[in-house]
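Engineer: Please work out how this folds:
(one chain, ligands or ions: 1)
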Amino acid sequence: MKRNAKNDSAPAPSKAILEQERKVLLDLGNDITRIREKNDLITLFKNRIKGLFYFTHTIITLIDHKDETYWPFLLDNEGSPIRTHPRYKEMVQAHFSLNDPFIQAVLHSEEPVSFLLEDIMDEPKSPPFLRVNYEGGVREILMTRLMKEGKPMGFIHLYSDRTDSFTAELRGVMKGFAPQLSSAVSNIIKNEEILNKEKEKSFLLDFSSEIAAVRTKEDLTRALRSALRKLDQNSGFVIRRINEDKTTLSAYVYDLGTIKRDEKALQVLVKTKYPINDGLQNRVLNSAIPLLFNVEREIQRGITSSYLALWKKMGFRNFVGVRLRNGENNLGILLLDIQEIKIELLQGICSQISTALANIMANEQVSKKQEEQAFLLGFSSAITKVRTKADLQAAIFEVLAQTMNTQLAMIRVMESDGIHLNVFMYDASLFANAKVNFDKMSGNTITVHEQYTAQVLASKEGVVFNVQEELRNGSAYAKLWNTTGYKNMYGLPLRVGDKNIGSIWLLADSLGPLLLKGICSQIAIAVANILANEQLIAYKKQLEIENDYLKEQIKTIYNFSEIIGSGETMQEVYRLMGLVAESNTTVLILGETGTGKELIARAIHNSSPRKEHLMVKVNCAALPANLIESELFGHEKGAFTGAIDRRLGKFELAHNSTLFLDEIGELPLEAQAKLLRVIQERELERVGGKQVIKINVRLIAATNRNLEEEVKAGRFRADLYFRLNVFPISLPPLRERLEDIEALAYFFVKKYSRNTGRNIRKISPRVIQQLRSYTWPGNVRELEHLIERSVLLATDHTLNDVYIPRHTDSDKQEQAFLLNRTLEEVERAYIIETLKRCAGKISGVGSAAEVLDIPGNTLHSKMKKLNITKRDYFS
Ligand SMILES: Nc1ncnc2c1ncn2[C@@H]1O[C@H](COP(=O)(O)OP(=O)(O)OP(=O)(O)O)[C@@H](O)[C@H]1O
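Structural biologist: Residues are numbered from 1 along each chain as shown. Predicted structure coming up:
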């Protein structure tokens with residue numbers, strides 16, 4: 001190579017030449033100090049040197065010590081004969097190695113070195129621009145190194161299409177000029193740097209004012225796009241935001257730049273959540289400075305995130321990643337399709353984007369909150385109108401599904417036992433794909449101990465169950481949830497105050513905690529209102545029943561306000577009543593039918609401390625066997641078929657009062673056992689209920705049966721008999737208290753005269769006699785009915801006639817008759833007898849039904865059963 005160098009061969013300069021050289025250098029020196037820009041330097045060359053010396057064109061190259069290369073910094077294009085060469089552009093952009101003999105010769109020479117291109121251009125390591133120049137007609141090159149602070153900084157190349165242009169004078173000028181040129185180039189570089197910085201600054205300033213106006217994603221995309229354009233970058237970019245799950249990133253805004261759209265790939269890129277820790281995104285997020293990546297290299301390094309493959313497919317090669325953060329919080333990353341990094345500028349851009357992103361996110365949050373608030377407001381106004389389950393269902397389905405893409409799966413309500421949760425409401429259509437399964441699962445009895453329910457009830461504001469996760473855990477419920485396509489099941493406690501009243505289950509992809517809380521508290525109130533409303537209706541119904549019952553009771557009480565009878569036997573009764581009335585002792589009243597047992601029971605109650613409350617009466621004989629228990633102890637809703645509502649039993653009704661168990665001897669054995677338990681324990685459970693209810697009831701029982709015999713016959717429990725027979729009071733039959741007949745007759749005459757508007761003041765002595773001589777199998781009741789009828793038929797102020805049943809046979813005969821017959825035969829004979837006495841009238845006023853004190857229908861059916869025909873009583 002050295003042999004080609006022509007610096008040694010130049011003749012020694014003459015004095016005149018030296019003088020001219022000195023002048024040229026002086027002029028150049030003056031001019032060069034003013035140079036700040038590349039163009040000025042080129043002009044200087046053109047004006048000053050080109051006029052004095054011959055050469056075709058010049059280039060200044062600068063050394064990149066890091067790469068050990070040199071590269072074109074300044075081109076004097078005008079005279080260049082290679083401008084039209086096909087490889088011109090390539091040459092202008094290339095970096096050439098410093099490790100070739102040609103440039104090494106220049107590097108180590110203090111003098112300008114010239115070469116004939118012909119000699120060196122085809123050497124194996126020679127830079128290609130030599131041949132390109134040769135092909136452009138250039139023949140010779142003069143290279144002068146440029147030094148800065150004792151170190152080579154670059155070269156000035158002079159080219160000529162002749163072989164004799166580089167005179168000793170020119171070489172001298174170039175050598176002398178080189179230091180000045182070096183400082184001019186340094187100045188230009190420095191100036192460019194300053195200009196660039198200023199440009200960057202003003203760019204950032206512009207960008208920041210543009211970013212300040214950004215409110216939406218679209219604004220941000222536009223601002224970033226136009227900023228990149230200003231930087232002569234038409235590259236693509238994507239901003240990925242950290243998702244709520246904090247473990248993935250998703251595309252937030254993007255622009256493809258000059259890259260061709262691949263709709264399919266784009267859709268995947270936009271929709272996929274890429275894990276933060278994929279080996280690339282986390283690097284960007286953890287790096288304080290922008291990082292440059294090569295797509296291919298990252299794939300080779302083993303980064304498996306699918307976006308790299310897609311980018312490669314779309315044609316992205318290199319990209320820069322910068323993190324976006326708000327203070328210390330990472331918000332996301334910016335990935336930019338550019339080839340080189342201007343670190344400071346990028347950081348400047350990114351800090352602005354970060355602010356914009358944080359603002360947009362805050363903005364989005366505010367509008368989401370506003371949206372949620374508006375929704376809650378709407379929901380609440382829909383909910384306030386709710387009165388029934390159907391209303392609530394409509395409100396929930398309409399509002400939740402339409403505005404929030406949320407479906408109500410189920411509402412369960414806690415039973416009064418605080419353990420069981422009943423289905424209150426659900427949307428069966430939601431599980432249309434798994435109907436059988438749903439029916440099975442929803443029918444399950446749920447208690448507060450059920451795994452999901454327990455978690456939900458114990459939580460403060462509910463629990464989110466990820467359907468897929470629960471599926472992996474093998475949950476049978478999750479299988480059902482999965483059929484709906486929603487991502488999450490939200491289980492929330494329904495609370496009113498601190499009290500759990502049930503649970504609510506919502507299916508949705510995502511719901512904010514504020515919204516959930518709002519929805520839930522509204523539904524809780526609505527459910528509580530509906531339940532209260534339902535209870536109110538039930539109570540109202542119950543009250544109506546109780547009211548009717550009480551009215552009935554009151555009517556009866558006033559009818560029996562007096563007891564007539566002053567005979568000895570009745571005196572004994574009064575004495576006993578006086579002894580027992582004040583206490584809580586159970587009283588057993590014994591006596592034939594119609595002797596006034598109920599009247600006595602009421603009198604005892606009315607003289608007791610319980611008189612403020614109404615006495616409750618149960619006729620044990622009148623109750624169908626299957627309803628006795630529920631009548632006495634009450635039942636819960638749904639306890640048995642037909643138990644539509646909860647109902648209080650007579651025991652509960654008689655709380656703090658007296659319960660009169662009439663005809664106790666008719667109570668079936670099974671009911672006797674239950675009654676015994678309640679009497680013993682003074683507490684009861686409603687049929688179908690689990691709650692134990694304490695009761696404070698005074699018992700009075702009555703029967704016309706001989707209970708001792710009933711016990712012996714096994715029809716009455718001995719233990720119950722002993723419990724009831726604490727204080728027995730026996731009422732004499734009327735035939736044994738003839739002394740009271742007249743008083744009673746007057747009492748009833750007065751009562752029925754008043755009732756019928758007649759004015760009967762007297763009873764004839766004959767009638768009194770007749771009454772006293774009758775046996776009164778129906779006792780006082782029979783007497784009362786007889787007088788009632790007689791009053792109706794009377795025509796005078798005196799009762800002259802009574803229609804006493806005619807006794808054809810003597811009492812003895814009657815007794816014999818009774819003793820030799822079955823109960824059915826006796827009943828048949830008694831009915832026929834009564835029918836005869838009533839002239840065959842079965843029902844209505846003065847009828848057999850009335851005498852027998854049974855409803856007409858009952859008499860009809862009894863007659864049918866006992867085969868009593870007209871012939872029997874008209875004969
Ligand atoms: N001492 C009395 N004074 C006034 N009325 C009486 C008297 N005893 C009974 N009565 C009247 O006789 C009728 C029957 O009385 P009550 O119903 O009390 O008898 P009972 O023994 O309970 O009958 P049953 O065994 O059939 O239930 C009632 O209408 C009542 O008014």
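Engineer: Tell me which residue of this structure lies closest to the ligand.
Structural biologist: Gly596 (2.5 Å; Cβ to the nearest ligand atom). C-betas here are computed from N, CA, C, even on glycine.
Engineer: What's the local residue count around that residue?
Structural biologist: 24 (other Cβ atoms under 10 Å).
Engineer: Got the domain ranges for this structure?
Structural biologist: Domain assignment for the chain, taken from automatic domain parsing, gives 2-195, 213-367, 405-536, 576-730, 761-874.
Engineer: and these as a markdown table, adding mean pLDDT?
Structural biologist: Formatted as a markdown table, the domains of the chain follow (pLDDT from 0 to 100):
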| stretch | mean pLDDT |
| --- | --- |
| domain 2-195 | 86 |
| domain 213-367 | 87 |
| domain 405-536 | 84 |
| domain 576-730 | 89 |
| domain 761-874 | 82 |
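Engineer: Give me the distance between the two termini of stretch 643-657.
Structural biologist: Criterion Cα to Cα, to the nearest Å; first-to-last residue distance in stretch 643-657 is 26 Å.
Engineer: related to what we said a few turns ago, make CSV from the domains of the chain and add distance to Ala745 to it.
Structural biologist: Formatted as CSV, these follow (distance: least, Cβ to Cβ, whole Å):
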stretch, distance to Ala745
domain 2-195, 136
domain 213-367, 94
domain 405-536, 52
domain 576-730, 15
domain 761-874, 6
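Engineer: Need the contact partners of stretch 58-68.
Structural biologist: 41, 45, 69-76, 95-99, 146, 152-159, 181, 185, 189 (Cβ atoms under 8 Å, 6 or more residues apart in numbering).
Engineer: Show me just the buried residues among those residues.
Structural biologist: 41, 45, 69-70, 72-76, 96, 98, 146, 152-159, 181, 185, 189 (16 or more other Cβ atoms under 10 Å).
Engineer: sorry, back to before: figure out which of the domains of the chain is closest to Gln393.
Structural biologist: Between Gln393 and those, the shortest gap by Cβ to Cβ is with domain 405-536, which sits at 5.8 Å.
Engineer: rewinding a little: find the nearest non-adjacent residue to the residue of the chain closest to the ligand, please.
Structural biologist: Val780 (5.4 Å; Cβ to Cβ, 6 or more residues apart in numbering).
Engineer: re earlier: among the contacts of stretch 58-68, which lie within strands?
Structural biologist: Per DSSP state E, strands hold the following members of those: 69-75, 96-97, 146, 152-159.
Engineer: of those residues, list those near the ligand.
Structural biologist: Among these, no residue sits close to the ligand (Cβ under 6 Å from any ligand atom).
Engineer: So which bits of this structure are right by the ligand?
Structural biologist: 560, 563-565, 591, 593-599, 662, 702, 704, 780-781, 784.
Engineer: Among the residues you listed, which lie within strands?
Structural biologist: Asp662, Ala702.
Engineer: Which of the residues of the chain next to the ligand are buried? Put it as a PyMOL command.
Structural biologist: A single PyMOL command selects the buried members of these (16+ other Cβ under 10 Å):
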select buried, resi 563+564+565+591+594+595+596+597+598+599+662+702+704+780+781+784
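Engineer: Return the residues in contact with Ala622.
Structural biologist: Contacts of Ala622 (Cβ under 8 Å, 6+ apart): Glu663.
Engineer: And it, how far from Leu724?
Structural biologist: Separation of Ala622 from Leu724 (Cβ to Cβ, to the nearest Å): 19 Å.
Engineer: ok, now Cys520?
Structural biologist: Using Cβ to Cβ, which is the criterion applied here, Cys520 is 55 Å from Leu724.
Engineer: what does Ser235 give?
Structural biologist: Taking Cβ to Cβ, one finds Ser235 at 102 Å from Leu724.
Engineer: could you pull out the helices for the stretch 51-200 of the chain?
Structural biologist: Assignment of helices within the stretch 51-200 of the chain using DSSP state H, counting those that start in this stretch yields the ranges 88-93, 101-107, 117-120, 128-135, 168-212.
Engineer: And Ile537, what's its pLDDT?
Structural biologist: Looking at Ile537, its pLDDT reads 82.
Engineer: And for the one 10 residues further on?
Structural biologist: We note a pLDDT of 70 for Asn547 in this prediction.
Engineer: Quick check on Cys520 and Leu724: which one has the bigger neighbour count.
Structural biologist: Leu724 (25 against 20).
Engineer: ok, which stretches of the stretch 701-850 of the chain are helices?
Structural biologist: 707-712, 718-724, 741-756, 765-773, 779-793, 811-819, 823-837, 848-852.
Engineer: right, so those: which one is the most enclosed?
Structural biologist: helix 848-852 (a mean of 22; mean count of other Cβ atoms under 10 Å).
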